[in-house]
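Visitor: Provide a 3D model corresponding to the input given below.
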Amino acid sequence: MNPSSEHIPRVSTRARWWPARRTGRAAAGTGIALTLLAGSTYAATTLMDVPAPHDLARLQSTQPSRQGDRFPARTVTTASTTSELPASPQPAPRTVPWKGGSLPFEQFLETTHTNAFVVLQDGKITHEWYADGVTADTRMSSWSMAKSLVSLLVGQAVQRGELSEEDRLVDLLPELRTGGAYDTVTVRHLLDMSSGIDVDENYKPWWPFTGTARMLLTRDLPAFVRDHRSVTYAPGSQATYRSVDTQMLGLVLSRVEGRPLAEILGERLWGPMGATRTATWNLDRDGGTEKAFCCVNATARDFARVGQLVLDRGRAGGRQVIPEQWIDRLSTPTPHSIDGWGYSAQWWHPTGGNGKDFSAIGVYGQYTYVDPVSRTVIVKLSDHGTQQDEQETIDALRSIAHGDA
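Guide: The predicted structure follows:
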């Protein structure tokens, strides 16, 4: 969660690690070196079963909000009965707080590269804005907001008795047993990012050989998790943001239900909450495994329905979709903070504010913000830099929720 001032990285066509030369001999040598490098890179991507360099370049030329179109996906279905969000239009705020000053609302949206912005108060749309080329029907990537969806599915499974937070990972997925500290990881550890599983948060898909970048790009997620079964600290002793924890939860859910994660999401959540558009969940390969830690592609309004479901303590359409106890669980920070923010069951609790709000957050500026005090849900889908201006954005959303702008 360390905010960065860098913008979305792009693939460079220049090899920065060689100094510039002016002689023909040096240029020829550099050409040979580039050829050898390209050959070794293609070989490495083939060996690691990730996309080839030219495919990585195409991926990086695509805005993060639309990168879901570049991966195989499984459909998340809706029910035959959907729920409309009533409109109660209110004027947009004039300004929002921003980095010690204030910023005109429209400039805030532009500065943070917003694609969609939806505000619900008491379940009604009070403000809705879309960038050029984006509409209420446009599906965009959730990135790590998907983690918060996985949490809701886990809460349902716990209520049904299919899972317990005390269950050990290796009892649910016995093929992963090591005989070491990894075997003590529980569902609770995975939920709260306290497992210690050693997969670092590398967000550099043009160097897809380590960490989360490789997990995003691998075409064999089950093999990836089998290859990463060491821990960096005793599970439960501290917390560190690790996307692999959510991937493990997704594998557990799929195993206990005996079906794909996208199918579970459609039946257990997307349909019952009244989503109006099908979503998609990206896979490691055609017909393969969902990238549980990211990559649900849906409309801003349907993400807003998720927030409203949580705000309404798990109720939608006159039924209890998510257990109230699970809403209490995710809305109460655990003792172990992560990067200075509270965290619980795959939902963030930013510092400041009234201490009651929380949010699902994606790496490129995706937010499903929930404030029970003002009865507000705000969805912001962006193409901002990795983890950029997160505290500042939350402060702006808080101001909008409470009408302070």
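Visitor: once you drop chain neighbours, what's closest to residue 202?
Guide: Spatial nearest neighbour of residue 202, chain neighbours left out: residue 211 (3.2 Å); criterion: CB to CB, 6 or more residues apart in numbering. All C-beta spots, glycine's among them, are computed from the backbone N, C-alpha and C.
Visitor: actually residue 331, not the one I wrote
Guide: residue 358 (5.7 Å).
Visitor: for that neighbour, list each beta-bridge partner.
Guide: residue 370 (DSSP bridges).
Visitor: let me know the pLDDT of it.
Guide: We have a pLDDT of 98 for residue 358.
Visitor: do I have it right that it meets residue 349?
Guide: Yes - between residue 358 and residue 349 there is a contact under CB atoms under 8 Å: 5.0 Å.
Visitor: shared neighbours of the two, which are they?
Guide: Residues touching both residue 358 and residue 349 by CB atoms under 8 Å, 6 or more residues apart in numbering: residue 342.
Visitor: in three-state terms, label the residue nearest to residue 346 when sequence neighbours are not counted for me.
Guide: The shortest distance from residue 346 to any non-neighbouring residue, by CB to CB, 6+ apart, is to residue 151 (3.7 Å). Going by DSSP: H, G, I helix; E, B strand; the rest coil, the secondary structure assigned to residue 151 is helix.
Visitor: can you pull out the helices in the stretch 1-150 of the chain?
Guide: In the stretch 1-150 of the chain, helices defined by DSSP state H, counting those that start in this stretch lie at 24-47, 53-60, 105-111, 145-159, listed in chain order.
Visitor: swap in the stretch 301-405 of the chain?
Guide: 324-330, 390-401.
Visitor: out of the ones you listed, which is the most enclosed?
Guide: With neighbours taken as mean count of other CB atoms under 10 Å, the helices of the stretch 301-405 of the chain reach their highest mean count in helix 390-401, at a mean of 22.
Visitor: which residues touch that one?
Guide: 1, 3, 93, 96-99, 103, 108, 112, 119, 350-354, 357, 359, 361, 365, 367, 369, 371, 374, 376, 378, 380, 404-405.
Visitor: quick one: which of those residues sit in strands?
Guide: Within these, residues falling in strands by DSSP state E are 96-98, 103, 119, 359, 361, 367, 369, 371, 376, 378, 380.
Visitor: in the stretch 101-250 of the chain, where is pLDDT below threshold?
Guide: For the stretch 101-250 of the chain, residues meeting the criterion pLDDT under 70 lie at 204-208.
Visitor: hey, C-alpha coordinates of the helix or strand containing residue 264 in PDB?
Guide: Here residue 264, judged by DSSP states H and E, is contained in helix 261-265. The C-alpha trace of helix 261-265 is given here as PDB (Å, rounded to 0.1, in the frame of the first residue of the first chain):
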ATOM      1  CA  LEU A 261     -15.000 -19.900  -9.000                       C
ATOM      2  CA  ALA A 262     -16.900 -17.800 -11.600                       C
ATOM      3  CA  GLU A 263     -19.800 -20.200 -11.400                       C
ATOM      4  CA  ILE A 264     -19.900 -19.800  -7.600                       C
ATOM      5  CA  LEU A 265     -19.800 -16.000  -7.800                       C
END
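Visitor: next one: whichever helix or strand comes after that helix to chain centre, how far?
Guide: For helix 261-265, the following helix or strand on the C-terminal side (DSSP H and E) is strand 279-282. Mean-position distance between strand 279-282 and its chain equals 12 Å (CA atoms, centre = their mean, to the nearest Å).
Visitor: shift numbering so it begins at 42
Guide: Sounds good: first residue 42 from here, last item strand 320-323.
Visitor: listing partners with orientation, what would you give for strand 320-323?
Guide: Partners of strand 320-323 in its sheet, by DSSP bridges: strand 114-117 (antiparallel), strand 337-339 (antiparallel).
Visitor: now that strand: mean pLDDT?
Guide: Computed over strand 320-323, the average pLDDT equals 98.
Visitor: got the contact list for it?
Guide: Against strand 320-323 from outside (CB under 8 Å, 6+ apart): 109, 112-117, 180, 187, 302-303, 306, 311, 331-332, 335-340, 343.
Visitor: quick one: buried residues of that strand?
Guide: By neighbour count on 16 or more other CB atoms under 10 Å, the buried set for strand 320-323 is 320, 321, 322, 323.
Visitor: equivalent analysis for stretch 394-411, please.
Guide: Under 16+ other CB under 10 Å, the buried positions of stretch 394-411 are 394, 398-411.
Visitor: cool, stretch 295-310 as well?
Guide: For stretch 295-310, the buried set under the neighbour-count rule, 16+ other CB under 10 Å, comprises 295, 297, 298, 301, 302, 303, 304, 305, 306, 307, 309, 310.
Visitor: please apply the same query to stretch 233-251.
Guide: 233-240, 242-244, 246, 249.
Visitor: equivalent analysis for stretch 203-212, please.
Guide: 203, 204, 206, 208, 209, 210, 211.
Visitor: also stretch 354-362?
Guide: Under the neighbour-count rule (16+ other CB under 10 Å), stretch 354-362 has 354, 355, 356, 357, 362 buried.
Visitor: local confidence estimate at residue 87?
Guide: 61.
Visitor: now residue 94
Guide: 71.
Visitor: likewise for the one 5 residues further on?
Guide: Looking at residue 99, its pLDDT is 84.
Visitor: which residues touch the residue nearest to it when sequence neighbours are not counted?
Guide: Leaving aside its chain neighbours, residue 99 sits nearest to residue 111 (7.0 Å; criterion: CB to CB, 6+ apart). By CB under 8 Å, 6+ apart, the contact set of residue 111 is 99, 100, 103.
Visitor: list the contacts for residue 189?
Guide: 347, 371, 387, 388, 401, 409.
Visitor: can you do 7 Å?
Guide: Residues near residue 189 by CB atoms under 7 Å, 6 or more residues apart in numbering: 387, 388, 401, 409.
Visitor: and the buried residues of stretch 203-212, which is closest to residue 220?
Guide: Closest approach between these and residue 220, by CB to CB: residue 211, at 9.5 Å.
Visitor: rewinding a little: from the buried residues of stretch 394-411, pick the one nearest residue 197.
Guide: residue 401 (16.6 Å).
Visitor: can you give me every residue that contacts that closest one?
Guide: 186, 189, 388, 409.
Visitor: with residue 292 instead?
Guide: 214, 266.
Visitor: so how far is residue 280 from residue 292?
Guide: 20 Å (CB to CB, to the nearest Å).
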